[in-house]
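# Here is my input; please provide its structure:
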Amino acid sequence: MPDGTSIAAARCRIYGVANEGGAADADINIDWYWGGAWHNIYSGTIAQSTWVTIVCPSGTHTITRARVRYNNSGGGNAFYLNEFDFCEQ
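A predicted model of the protein is given here:
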């Protein structure tokens, strides 16, 4: 998201894959920035090669930044974050 812009959202979608089609899920943390601070909206595992919708537990916020951290939990295959988008309200 370009600096100085924001979006009102209560959900986001994420899509990731393992290299060479391997079976790997990712342990993931998604944080959104609103109100002058970072807020964790999701911590857990997401499946690979499918869109996963994450709902912010505290509802809609005007978000100016997002960050995603992940750790591959599948033996030996790398997990790649391919796409991330906000579901606008």
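
# From residue 63, how far out is residue 38?
11 Å (C-beta to C-beta, to the nearest Å). C-beta here means a position set from N, CA and C on the backbone, and glycine is covered the same way.

# Toward the C-terminus, what is the element adjacent to the longest strand along the chain?
Identified as the longest strand of the chain according to DSSP state E is strand 7-18. For strand 7-18, the following helix or strand on the C-terminal side (DSSP states H and E) is strand 26-34.

# and that next one, which strands flank it?
strand 37-46 (antiparallel), strand 65-72 (antiparallel) (DSSP bridges).

# Turn those strands into CSV, including mean neighbour count, distance to residue 17 and mean pLDDT.
Below are those laid out as CSV (neighbours: other C-beta atoms under 10 Å; distance: least, C-beta to C-beta, whole Å; pLDDT from 0 to 100):
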stretch, mean neighbour count, distance to residue 17, mean pLDDT
strand 37-46, 14, 11, 94
strand 65-72, 15, 11, 86
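
# need these in TSV with distance to residue 87, can you?
Below are the strands paired with strand 26-34 laid out as TSV (distance: least, C-beta to C-beta, whole Å):
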stretch	distance to residue 87
strand 37-46	12
strand 65-72	12
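
# Determine which of those strands approaches residue 18 most closely.
For residue 18, the closest of the strands paired with strand 26-34 is strand 65-72, at 7.8 Å, according to C-beta to C-beta.

# Whichever helix or strand comes after that closest one - which strands sit beside it in the sheet, and in what orientation?
Counting by DSSP H and E, the next helix or strand C-terminal to strand 65-72 is strand 79-88. Sheet pairing here is set by DSSP bridges, and for strand 79-88 it gives strand 7-18 (antiparallel).

# Dump the C-alpha coordinates for the partner strand into CSV.
Provided in CSV are the C-alpha atoms of strand 7-18 (Å, rounded to 0.1, in the frame of the first residue of the first chain):
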residue,chain,number,x,y,z
ILE,A,7,-8.2,1.0,3.4
ALA,A,8,-11.2,0.1,5.6
ALA,A,9,-11.2,-3.7,6.0
ALA,A,10,-12.3,-6.4,8.3
ARG,A,11,-10.8,-9.3,6.2
CYS,A,12,-7.8,-10.1,4.1
ARG,A,13,-7.0,-13.0,1.8
ILE,A,14,-3.6,-14.8,1.5
TYR,A,15,-2.3,-17.3,-1.0
GLY,A,16,0.9,-19.2,-0.6
VAL,A,17,2.6,-22.3,-2.2
ALA,A,18,5.4,-24.7,-1.5
